[in-house]
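*Asks:* Got a predicted structure here, sequence first:
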Amino acid sequence: MAYGQSEGVCDTLVVSGNPEYPPLLWRPADNPSTLVGAVPALLREIVEPLGIEVKVKDLGSWARVLHQARTGELDLIAGAFITDERQTFLDYIQPPITWQPTHIWVARGREFNYRYWSDLRGKRGATLINNSFGQDFDRFAEDHLSIEGIRTIEQSFRMAKLGRVDYVLYEHLQGHAKLARLGLEDEFVDLLPPISSEPLYFAFPRNSACNTEALRSAFAERLAEATGDRRIDRLLEEYTDRYLNEK
């Protein structure tokens, strides 16, 4: 049965995601109660033809997004990596939206030799609270590294610039966008290789009333069409320009 013909149809999705994630997601200056970006734009293209309205909320932090997803106050997370812990309360939709390489960002002039995760031992890192970079790295970091969770990535970069931490863990695309917007792009470098490259997904909280087999199936079918057309790549170009030119 096609979505829309079944009983109990969900006509509105309350959505949120990581507000520190431009050009995929960010809090616009002219409407700080919501989030905009390539991922919300893709989401609307997927679900509005199904007769579903999308309401994207800014919840203030990624940690709060995950909390409200766990309690069922959200209907969809617009962009999350898979972890065992998150799979206890989220249903991830295949295929992924895109893949996200995560880099080590250091203040220019404070570069250090890096090839393997073990090269980070004894150094101080910073990233967003509750950020995941793939389960293998997360486990290694928990056992062997010192990485502080910070509320905003801007604060993490400023701490690195002041020498309070040695590096910042942040995704490649988002790092370039954030630093360009802050006017700090020439003051940081990203070290290679990436620490990980993880698929990013839409995910339905299991406690959401909108999380039904019919909607997940229709959603996945339309997402597969969009990813097959590489629609996210064109949206990323468009929203990178919007983010960097936002007043």
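*Replies:* Perfect, thanks for sending it.

*Asks:* Pop the domain breakdown of the chain in here.
*Replies:* Domain ranges of the chain: 12-98+199-245, 101-197, per automatic domain parsing.

*Asks:* Need these in CSV (columns: mean pLDDT and mean neighbour count).
*Replies:* Every residue, glycine included, has its C-beta placed from N, CA and C. Putting these into CSV (pLDDT from 0 to 100; neighbours: other CB atoms under 10 Å) gives the following:
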stretch, mean pLDDT, mean neighbour count
domain 12-98+199-245, 95, 19
domain 101-197, 95, 17
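
*Asks:* what's near enough to touch residue 194?
*Replies:* Contact partners of residue 194, counting by CB atoms under 8 Å, 6 or more residues apart in numbering, are 101, 102, 103, 172.

*Asks:* Residue 53 too?
*Replies:* With CB under 8 Å, 6+ apart, residue 53 has these contacts: 11, 12, 13.

*Asks:* List the beta-bridge partners for it.
*Replies:* Note on residue 53: beta-bridge partners by DSSP bridges are residue 12.

*Asks:* Tell me which strands the longest strand anywhere in the chain pairs with, and in which orientation.
*Replies:* Ranked by number of residues, the top strand in the chain under DSSP state E is strand 188-205. Note on strand 188-205: by DSSP bridges, its sheet partners are strand 76-80 (antiparallel), strand 90-92 (antiparallel), strand 98-107 (antiparallel).

*Asks:* Next, the angle strand 98-107 makes with whatever helix or strand comes next after the longest one.
*Replies:* Going down the chain from strand 98-107, the next helix or strand is strand 124-128, by DSSP states H and E. Per axes from the mean of the first three to the mean of the last three CA atoms, to 10 degrees, the angle that strand 124-128 makes with strand 98-107 is 140 degrees.

*Asks:* tell me which strands and helices the next helix-or-strand element following strand 124-128 is in contact with?
*Replies:* Downstream of strand 124-128, the next assigned helix or strand under DSSP H and E is helix 135-144. Packing contacts for helix 135-144, counted by 3 or more CB pairs under 8 Å, 6 or more residues apart in numbering; DSSP states H and E, involve strand 188-205.
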